[in-house]
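K.L.:
this one's sequence-less:
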């Protein structure tokens with residue numbers, strides 16, 4: 001209701017301002033036109049920055065603020081024609097001035113976006129890597145649709161005509177028109193010179209980055225492609241890469257991952273094209289690691305010869321990605337422990353057992369002990385919607401609100417909501433649902449809270465009970481020895497779920513809400529009937545021993561295999 005009221009108020013104010021603008025141009029009344037123009041520009045600039053959703057709603061159009069300002073330019077020319085019908089040269093000058101203003105606004109936006117693209121690196125970009133001859137890439141920001149100086153400059157001509165109408169002399173209008181033309185031309189010339197100075201051939205930029213990578217001489221490359229928020233899959237492996245004490249390189253395929261990896265300690269390059277991936281795979285690269293198998297552009301690196309390819313994943317789970325037959329493409333699959341190996345132990349996978357290696361869990365460290373809390377903490381940590389519908393195991397849309405309501409209804413526990421970082425990256429409705437749950441928890445107040453995905457280990461260290469989906473969050477709950485429950489999947493009985501997703505056997509399956517949530521929570525705070533199943537699953541999830549040493553040994557041996565392959569390779573005719 002409030003939003004509708006605001007929309008009506010904005011619509012009425014803008015409608016009145018445009019009506020006065022039209023009347024001021026047609027009658028003509030220069031002072032009225034100036035007042036209306038100031039009102040239009042002020043309202044549209046403020047709304048476009050503070051409440052951009054109101055502007056298209058208020059005007060019931062999707063043409064954008066730039067075209068509405070163009071209408072003001074046209075009305076300015078009409079004002080000049082109606083006010084001075086016998087002064088053709090002044091009117092022609094007004095037409096030239098307003099056309100240049102409109103062109104200047106467009107050109108300003110184009111130059112701004114192009115310069116930002118160049119400052120961000122251009123055809124490729126990088127972080128944590130010194131590229132001689134090229135400036136350090138700058139993070140990108142949204143370029144405003146309307147350039148403020150040009151918009152304000154558009155008021156100069158109406159001001160000149162308003163002053164001229166008072167003194168009945170239009171010298172001020174002529175000066176304003178020439179001044180507008182001069183400012184636009186000088187500005188565009190300066191932007192063009194600036195662009196020429198910063199511009200470099202795309203091939204030269206790519207070659208400079210390749211030379212810098214060659215100088216770094218990486219032996220291990222981690223290749224990642226994924227939607228916004230999936231950069232956490234890379235961050236999970238950064239400590240392990242640093243512990244190798246070998247030169248490493250991270251290759252990302254989307255630019256929005258770059259800033260999250262700035263300062264991580266490992267050089268990062270953005271390679272948008274398959275040709276860029278090939279170009280950056282310098283002779284020193286022996287081993288490629290892939291934290292996700294849910295993207296078909298992994299093959300851009302897989303097809304590069306002379307590299308040992310290993311699927312490392314980003315957490316242990318029963319998700320389809322963790323047992324996909326596509327894993328046959330890799331030289332090896334590294335898993336956390338026996339449970340990961342067992343997922344590929346069926347004929348359809350086509351993955352021989354010899355290709356699988358257990359290296360232990362690679363995950364952020366959790367607090368060493370659970371701090372005391374006033375009330376028991378319960379965690380709802382749903383996964384995201386994944387890359388396709390067939391592998392979407394998220395409960396957020398279907399069960400999320402009901403789960404949160406059931407947890408909040410219990411006055412004896414504190415609720416933490418920890419959604420996965422990529423939530424909503426593929427399905428916008430998931431992001432809407434996450435925000436609605438976040439708002440519900442905030443409205444409840446007290447010690448209930450929403451935490452970012454990066455704090456999941458901390459949340460589980462506090463938890464007495466967790467509701468999770470079939471995802472790495474479930475296994476993390478097992479590692480923390482937290483009683484858990486998962487939501488039943490449509491069309492699957494408990495037996496069918498246990499067969500297809502074995503990790504669910506160690507917890508409750510939620511079918512009837514809120515009743516099943518209360519039953520599972522009461523058990524977690526009391527008898528904990530699934531404690532033996534959780535213990536047995538925990539023993540199968542991870543391999544024992546020094547995880548850092550096992551990972552380093554696996555890397556050393558993979559590199560040794562690849563170097564032997566290269567030593568015995570025969571040149572082809």
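P.N.:
Sure thing, it's come through. Everything numeric in this text was worked out from a predicted model, so none of it was measured. Numbers count the residues shown, from 1 in each chain.

K.L.:
Secondary structure element holding the residue nearest the centre of the chain?
P.N.:
Nearest to the geometric centre of the chain sits residue 228, at 2.6 Å (Cα atoms, centre = their mean). Following DSSP states H and E, there is no helix or strand that holds residue 228.

K.L.:
surely it meets residue 428?
P.N.:
No: assessed by Cβ atoms under 8 Å, residue 228 is found out of contact with residue 428, at 11.8 Å. Quick note: C-beta positions are derived from backbone N, CA and C, even for glycine.

K.L.:
May I have the secondary structure class of the closest residue in space to the residue nearest to the centre of the chain that isn't next to it in sequence?
P.N.:
Setting aside the residues directly before and after it, residue 228 is nearest to residue 425 in space (Cβ to Cβ, 6 or more residues apart in numbering), at 4.8 Å. Using DSSP: H, G, I helix; E, B strand; the rest coil, the structure places residue 425 in coil.

K.L.:
Look up how far residue 452 lies from residue 425.
P.N.:
Taking Cβ to Cβ, to the nearest Å as the measure, residue 425 falls 15 Å from residue 452.

K.L.:
Equivalent analysis for residue 386, please.
P.N.:
Using Cβ to Cβ, one gets 19 Å for the distance from residue 386 to residue 452.

K.L.:
okay, those two: which has more neighbours?
P.N.:
Comparing residue 386 with residue 452 by other Cβ atoms under 10 Å, the one with more neighbours is residue 386, at 22 against 11.

K.L.:
check contacts around that one.
P.N.:
Residue 386 makes contacts with 294, 319, 321, 392-394, 426, as judged by Cβ atoms under 8 Å, 6 or more residues apart in numbering.

K.L.:
mind redoing it with 7 Å?
P.N.:
The contact partners of residue 386, by Cβ atoms under 7 Å, 6 or more residues apart in numbering, come to 294, 392-393.

K.L.:
which of these are buried?
P.N.:
Neighbour-count burial (16 or more other Cβ atoms under 10 Å) is assigned, among those, to 294, 392-393.

K.L.:
Go ahead and confirm the residue nearest to the centre of the chain touches residue 256.
P.N.:
Yes: in this structure residue 228 lies within contact range of residue 256 using Cβ atoms under 7 Å: 5.3 Å.

K.L.:
Let me see the ranges of the strands in the protein.
P.N.:
In the chain, the segments counted as strands under DSSP state E are 125-127, 220-224, 248-252, 268-270, 287-290, 308-311, 332-335, 356-358, 377-381, 414-417, 449-450, 463-468, 484-487, 508-510.

K.L.:
Now mean neighbour count, mean pLDDT and distance to residue 137 too, for these, in a markdown table please.
P.N.:
Output for those, formatted as a markdown table (neighbours: other Cβ atoms under 10 Å; pLDDT from 0 to 100; distance: least, Cβ to Cβ, whole Å):
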| stretch | mean neighbour count | mean pLDDT | distance to residue 137 |
| --- | --- | --- | --- |
| strand 125-127 | 24 | 95 | 5 |
| strand 220-224 | 25 | 97 | 18 |
| strand 248-252 | 26 | 98 | 13 |
| strand 268-270 | 25 | 98 | 9 |
| strand 287-290 | 25 | 97 | 24 |
| strand 308-311 | 23 | 97 | 28 |
| strand 332-335 | 23 | 95 | 32 |
| strand 356-358 | 19 | 94 | 36 |
| strand 377-381 | 27 | 97 | 34 |
| strand 414-417 | 24 | 96 | 35 |
| strand 449-450 | 18 | 96 | 32 |
| strand 463-468 | 27 | 96 | 38 |
| strand 484-487 | 26 | 96 | 42 |
| strand 508-510 | 21 | 96 | 46 |
